[in-house]
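Student: Below is the structure, and that's it, no one-letter string:
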């Protein structure tokens, strides 16, 4: 009979599978570190390019600002002030000439309720080329309110708002019209979207064709 004697003080543990797993994990970590390092390098290169573009834009902006200040200083000289004022006057004149009264009246006819009269139209053209219109209308209050609602739904009149309301008073004997009961005078401020060039051209052609007929 054989008797096996184990003289080890601790049980035997197979470590080779554990070492294999550790080696695999180390390889994966190294691959991940290499990938992250490459991605960081790419991002750093992109950041350098973006920073260079930003510096170039800042340099151009500084150059243009310097040129603008130089030109403004030159135009403020006494010899050039007359030219500047004349340029402003001509630009304002051209802007006023480009305003189409016919188009405004046609647009108002579409939104004007019966019984409401337009007593004055005062267009104001801003430096940016936007057109604002101050309307003064008179008539019964409910119909004047309906006019404001119609303006709000129109594509030509932008952000209309009441700037004043006055009750009509009899003016007989002073050359003015008799005021109807409940009549008011409204002052309305509104932006105006002019007709596009194509639409205006088509309108002019249609009118000329109608005149020939």
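Tutor: Received the coordinates, thanks. In this text, all values refer to a predicted model and were calculated from it rather than measured experimentally. Numbering: from 1, shown residues only.

Student: Am I right that residue 30 sits in a helix?
Tutor: Yes - counting by DSSP: H, G, I helix; E, B strand; the rest coil, residue 30 is part of a helix.

Student: Where does pLDDT dip in this protein?
Tutor: Counting by pLDDT under 70, the ranges of the chain that qualify are 1-13, 83-84, 87-99, 127-129, 168-182, 195-213.

Student: For it, just list every one of the strands.
Tutor: 117-125, 131-140, 157-167, 183-192 (DSSP state E).

Student: Using a markdown table, lay out the ones you listed together with distance to residue 54.
Tutor: Every C-beta, even on glycine, is put in place using the N, C-alpha and C of the backbone. Formatted as a markdown table, the strands of the chain follow (distance: least, CB to CB, whole Å):
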| stretch | distance to residue 54 |
| --- | --- |
| strand 117-125 | 38 |
| strand 131-140 | 38 |
| strand 157-167 | 37 |
| strand 183-192 | 37 |
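
Student: Is it possible to get TSV of those strands that adds mean neighbour count?
Tutor: Converted to TSV, those look like this (neighbours: other CB atoms under 10 Å):
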stretch	mean neighbour count
strand 117-125	13
strand 131-140	19
strand 157-167	14
strand 183-192	19
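
Student: closest one to residue 64 among the ones you listed?
Tutor: strand 117-125 (27.0 Å; CB to CB).

Student: now the angle from the closest one to strand 183-192?
Tutor: Angle, strand 117-125 to strand 183-192, by axes from the mean of the first three to the mean of the last three CA atoms, to 10 degrees: 30 degrees.

Student: Provide the strand pairings for strand 117-125, with the direction of each partner.
Tutor: strand 131-140 (antiparallel) (DSSP bridges).

Student: Just the buried positions in stretch 137-156, please.
Tutor: Within stretch 137-156, the residues scored as buried using 16 or more other CB atoms under 10 Å are 137-140, 143-148, 150-151, 154, 156.

Student: Closest one to residue 68 out of the residues you listed, please.
Tutor: residue 156 (35.5 Å).

Student: Name the nearest residue to the closest one, sequence neighbours excluded.
Tutor: residue 107 (4.5 Å; CB to CB, 6 or more residues apart in numbering).

Student: just residue 191 next, same as before
Tutor: Sequence neighbours aside, residue 158 is the residue nearest to residue 191 in space, at 3.4 Å (criterion: CB to CB, 6+ apart).

Student: So the one you found sits against residue 194, correct?
Tutor: No - using CB atoms under 8 Å, residue 158 makes no contact with residue 194, being 11.0 Å away.

Student: wait, which of the strands of the chain is closest to residue 19?
Tutor: Among those, strand 157-167 comes nearest to residue 19, with 77.2 Å by CB to CB.

Student: Next, the angle strand 183-192 makes with the closest one.
Tutor: Going by the same axes, to 10 degrees, strand 157-167 makes 160 degrees with strand 183-192.

Student: For this structure, which segments count as helices?
Tutor: 16-75, 78-97, 101-111, 141-153, 197-212 (DSSP state H).
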